[in-house]
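In: My questions are about this predicted structure, shown below with the sequence.
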Amino acid sequence: MPVLNERAYLQHAVDSVLAQELDGPAELVLALGPSTDGTTELAHSLAAADDRIRLVDNPAAHIPVGLNAAIRASRYPTIIRVDAHSELSPGYAARALRALDRTGAANVGGVMHAEGRAPFQKAVARLYNSPVGLGGGAYHGGARESEAESAYLGVMRRAVLDEVGLFDETIRRGEDWELNLRIRQAGHLVWFDPDLSVTYWPRESWLRLARQFRATGAWRGELVRRFGRRNGLRFFAPPALVLIAAVAIVIGMLQLTGVLSGTASLIASGIYLPLLAYALLVLVVALAPGGGGIRQRLWTLLVLPTMHLSWGLGFLGGVLRGARDTVDASRLGTRNTPLP
């Protein structure tokens, strides 16, 4: 479990791991980044109270670096990746181990089930659980067991990780997708089991959400630079929305200034149609059953475009210039800068 500034969530995450019932021995390795909110002190307190918890340092604070440090320090043949912002469902580990044995897979993952507390976080969680919000991946709503492109978190065979190499430490986001690509290229199976459920708690504020999605989009753009068509078509929808919106703004300015008029202006106005359709989609999602109270529905009107546009902007930057040192600064200060 890589950990950075998670004091409000760490106790629940650790409890959900330690409550797993397994036939054999198990340990929980926490990779501690340079937290500033008391998370490190809490982690040391938890480790002192339970000898199953072990601590390793992750001064770089990057997720793949922390994961690799924890894996190298681990002692058992199965690696279960967990997240400090999530909680494992009861029986998760035992079922995942059975799925590994039954399918012969190298990596097994389940459903990311997002939950929220306040109206904003509930709106984000609802969109996480919807194909309209994140779309695509089976772990955001798949209903049947099947071979998968990637796995959320993942329960992995240590021998396969040793064979293909651990997480690529040059990738700050999307490191799981890239690892699963190598696993599949080596001839191994990645498996999705919808009965494996992990509760995920999204970001709690609009600014943190926008930062998170911009960074994630930038690294997907970087992965497109590196791996091209191996990336699914769904990843290109948000940047297409950004480009359409940018063209529409330019055309609108030309129309307002009279530079574009007459028939040419009428034809150019067709660019507004997909944006109107998207606005209608956002409205329908906000008003649909299950949208919660009025505050949650109002947040949905802002959250859905924020997710898509932030991700799309990040993606375009990642494709054009590479992700470089972009990090997810949603748990840090006010700037998306490299960590110390």
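Out: Now that the structure is in, tell me what you want to look at. Numbers count the residues shown, from 1 in each chain.

In: Quick check: most distant residue from the centroid of the chain.
Out: G262 (46.3 Å; C-alpha atoms, centre = their mean).

In: Pass me the low-pLDDT residue ranges in this structure, would you?
Out: 135-142, 330-340 (pLDDT under 70).

In: re the thing from before, let me know the distance separating the residue farthest from the centre of the chain from L67.
Out: 59 Å (C-beta to C-beta, to the nearest Å). For glycine as for every other residue, the C-beta is placed from the backbone atoms N, C-alpha and C.

In: all helices for this structure, in order.
Out: Secondary structure of the chain (DSSP state H): helices at 7-18, 39-49, 63-73, 92-103, 119-128, 158-164, 175-185, 206-227, 237-256, 262-268, 272-287, 294-321.

In: residues of the third one that come out buried?
Out: Judged by neighbour count (16 or more other C-beta atoms under 10 Å), helix 63-73 contains these buried residues: I63, P64, V65, G66, L67, N68, A69, A70, I71.

In: on that earlier part again, of all the helices of the chain, which one is nearest V327?
Out: Of all the helices of the chain, it is helix 206-227 that lies closest to V327, at 6.1 Å by C-beta to C-beta.

In: now for that closest one, which elements pack on it?
Out: Applying 3 or more C-beta pairs under 8 Å, 6 or more residues apart in numbering; DSSP states H and E, one finds that helix 206-227 makes contact with helix 175-185, helix 237-256, helix 294-321.

In: Let's see that with 10 Å instead.
Out: In this structure, helix 206-227 makes packing contacts with helix 119-128, helix 175-185, helix 237-256, helix 294-321, judged by 3 or more C-beta pairs under 10 Å, 6 or more residues apart in numbering; DSSP states H and E.

In: Which among those helices is found nearest to L223?
Out: Closest of the helices and strands packed on helix 206-227 to L223 is helix 175-185, at 6.5 Å (criterion: C-beta to C-beta).

In: Can you mark which positions in that closest one are buried?
Out: In terms of neighbour count (16+ other C-beta under 10 Å), helix 175-185 has its buried residues at E175, D176, W177, E178, L179, N180, L181, R182, I183, R184.

In: go on, stretch 10-26?
Out: The neighbour-count check on stretch 10-26 (16+ other C-beta under 10 Å) flags L10, A13, V14, S16, V17, Q20, A26 as buried.

In: same question, stretch 293-301
Out: The neighbour-count check on stretch 293-301 (16+ other C-beta under 10 Å) flags Q296, R297, L298, W299, T300, L301 as buried.

In: How about the first one, nearest residue that isn't a chain neighbour?
Out: Distances taken as C-beta to C-beta, 6 or more residues apart in numbering place P119 nearest to Q296, at 4.3 Å, with adjacent residues excluded.

In: if I pick the one you found, what's in contact with it?
Out: Shown here is P119, whose contacts under the criterion C-beta atoms under 10 Å, 6 or more residues apart in numbering are G292, G293, I294, R295, Q296, R297, L298, W299, T300.

In: same thing with I249?
Out: I249 sits next to I271, L275 when contact means C-beta under 10 Å, 6+ apart.

In: Begin at 506, not 1, for the rest of this chat.
Out: With the count now opening at 506, the last piece we talked about shows up as I754.

In: residues touching L666, list them.
Out: Residues near L666 by C-beta under 10 Å, 6+ apart: N573, I576, I584, A611, N612, F672, L684, R687, I688.
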